[in-house]
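S.K.: Fold the following.
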Amino acid sequence: MWLDDLEASALSQAKNLANLPFAFKHIPLMPDSHTGYGMPIGSILATQGVVVPNAVGVDIGCGMCALKTEITDIDTAELKKVMGVARTKIPLGMAWHNEKQDEGYMPESEYEHLKIVSRGYQKALRQVGTLGGGNHFVEIQKGSDGFVWIMIHSGSRNLGYSVAKWYNNAAIKLNERYHSQVTKNMELAFLPIETDEAKDYLLEMNYCVDFALANRKLMMQNMVASMAEVLGDFGTDEIINKSHNFAAWENHFNQNVLVHRKGATRAFKDEYGMIPGSQGSSSYIVKGLGNPESFKSCSHGAGRRMGRKQAIRELDLEAEIKQLDAKGVVHGMRNASDLDEAPSAYKDIDVVMENQKDLAEIVVELKPLAVLKG
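M.R.: Below is the predicted model of the structure:
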């Protein structure tokens, strides 16, 4: 555990994971860990011989992209104009594009032989380049390196959800048929790796990971275009991309295992990644330290301090708006329903970063300037 404030329900879920007969070694819990479905968000499960769809989650491939621009200064009036333009180019929340997007934006890998992906492909053509809801965001940030950055957090939209739901249900039926000790209420149904269902899931999961990246890339392209409309053309570095909901074959402790990361970022030695805070706090570009005890992983963010409904019930809207305004952040927090993503709903990012000094090192600190939320 890389934290000392884990809620009891998340600890109970972690114990379930640790007691799975196919779990390998131990269950690392990142400093942003909190209760999820079946498995804490911000944890890692390495397995032998099985894949667990719910240990990847419903938003397959959810992750972040960051892009360094050559811009060094942008004022509040310009930020507001940029965000206004961006809202016309990037559908937010549950919204899709009115028209199908060019297929060139979609993953290059074949989809026709994928049972669930092929059913959702035409819808996905209208969803590529869209943000989604929840904690997804587009943020303009000022780096400690003196440059303006763009960071985007989003996933695979309905495509990933459909794949996750179908194969989790298939796993539940299979486990019930063979009277598995992994009961339905544990929400950790598994597929033996030699089954057709497991092989198909991994193929469809990987397509969704690729689609989630394609989704972020198109949004990033549209954010750069939005900024260029206001500021004029500018140069950028290469995109940094990191998924935090996926499963992949890796070698750890001299064993080939299937590593499931659910709200956790891969942090191999010298590998670049991102750890965002809330919309009112710093985010970080980091380099992995390759710590074997975490299966070479680090946190994917600050992590929630309270659930969405609890935040709406307990937080003060005016106080949260004042907090953002005092930091000069251009934001869209207007109503009590927005409190589920308020800064105070999240853990202190400084504590989170301190707790994982042995997992990742900070390269650039990014202060929020303007944010779009789903």
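S.K.: List the pairing partners of the host helix or strand of Val138 within its sheet, with orientation.
M.R.: Assigned by DSSP states H and E, Val138 belongs to strand 137-143. According to DSSP bridges, strand 137-143 has the following sheet partners: strand 148-154 (antiparallel), strand 360-373 (antiparallel).
S.K.: quick one: the shortest one to chain centroid distance?
M.R.: Taking Cα atoms, centre = their mean, to the nearest Å, the mean C-alpha location of strand 148-154 is offset from the chain mean by 12 Å.
S.K.: Would you tell me what the next helix or strand after it is?
M.R.: helix 157-177.
S.K.: Identify the residues contacting that next one?
M.R.: 52-54, 56-62, 115-117, 119-121, 123-124, 127, 130, 132, 182, 184, 189-191, 195, 197, 200-201, 204-205, 208, 211-212, 215 (Cβ atoms under 8 Å, 6 or more residues apart in numbering). Glycine gets a C-beta too; all of them are placed from N, C-alpha and C.
S.K.: Just the buried ones from those?
M.R.: 52-54, 56-62, 116-117, 120-121, 124, 127, 130, 132, 182, 189-191, 195, 197, 200-201, 204-205, 208, 211-212, 215 (16 or more other Cβ atoms under 10 Å).
S.K.: So which of those sit within strands?
M.R.: Leu191 (DSSP state E).
S.K.: to the chain's geometric centre, what's the distance from the strand holding Val138?
M.R.: 16 Å.
S.K.: tell me the mean pLDDT over that strand?
M.R.: Per-region confidence: strand 137-143 scores 97 on mean pLDDT.
S.K.: Show me what it is in contact with.
M.R.: 68, 74, 79, 82-83, 86, 90, 131, 148-153, 219, 223, 227, 276, 279, 283, 285, 364-374.
S.K.: Just the buried ones out of the residues you listed, please.
M.R.: By 16+ other Cβ under 10 Å, the contacts of strand 137-143 give 68, 74, 79, 82-83, 86, 90, 131, 148-153, 219, 223, 227, 276, 279, 283, 285, 364-374 as buried.
S.K.: quick check: mean pLDDT across the one helix or strand Leu11 maps to?
M.R.: Assigned by DSSP H and E, Leu11 belongs to helix 8-18. Averaged across helix 8-18, pLDDT comes to 95.
S.K.: so how far is Leu6 from the residue lying closest to Ala212 once chain neighbours are set aside?
M.R.: Residue nearest to Ala212 in three dimensions, not counting chain neighbours: Gly61, with 3.0 Å by Cβ to Cβ, 6 or more residues apart in numbering. Going from Gly61 to Leu6 by Cβ to Cβ, to the nearest Å gives 26 Å.
S.K.: same deal with Ala171?
M.R.: 26 Å.
S.K.: Neighbour count: these two, which is higher?
M.R.: Ala171 (26 against 20; other Cβ atoms under 10 Å).
S.K.: ok, the residue nearest to Ala212 - contacts?
M.R.: 155-156, 160, 205, 208-213, 243, 245-246.
S.K.: OK, contacts around the residue sitting nearest the centre point of the chain?
M.R.: Closest residue to the average C-alpha location of the chain: Gly63 at 3.5 Å, with Cα atoms, centre = their mean. By Cβ under 8 Å, 6+ apart, the residues touching Gly63 are His153, Ser154, Gly155, Ala212, Leu213, Arg216, Asn241, Lys242, Ser243, His244, Asn245, His300.
S.K.: The residue lying closest to it once chain neighbours are set aside: what's it in contact with?
M.R.: Excluding the flanking residues, the one nearest Gly63 by Cβ to Cβ, 6+ apart is Ser243, at 3.6 Å. Taking Cβ under 8 Å, 6+ apart as the contact definition, Ser243 lies against Gly61, Cys62, Gly63, Val209, Ala212, Leu213.
S.K.: Show me which pair in these is furthest apart.
M.R.: Within those, Cys62 and Leu213 form the most distant pair, 10.6 Å apart (Cβ to Cβ).
S.K.: Run a quick check on Lys296 versus Phe268, I expect a contact.
M.R.: Yes: between Lys296 and Phe268 there is a contact under Cβ atoms under 8 Å: 5.0 Å.
S.K.: overlap in contacts of those two?
M.R.: Common neighbours of Lys296 and Phe268 (Cβ under 8 Å, 6+ apart) are Gly288, Gly290.
S.K.: Let me know the helix or strand that Glu320 is in.
M.R.: helix 317-326.
S.K.: Determine how far that helix lies from the middle of the whole chain.
M.R.: Counting by Cα atoms, centre = their mean, helix 317-326 comes out at 25 Å from the chain centroid.
S.K.: Make 41 the starting number, not 1.
M.R.: Okay, using 41 as the starting number, the last item reads as helix 357-366.
S.K.: Tell me the buried residues in the next helix or strand after that helix?
M.R.: Next along the chain after helix 357-366, taking DSSP H and E as the criterion, comes helix 389-395. Neighbour-count burial for helix 389-395, counted by 16+ other Cβ under 10 Å, picks out Ile389, Val392, Met393, Asn395.
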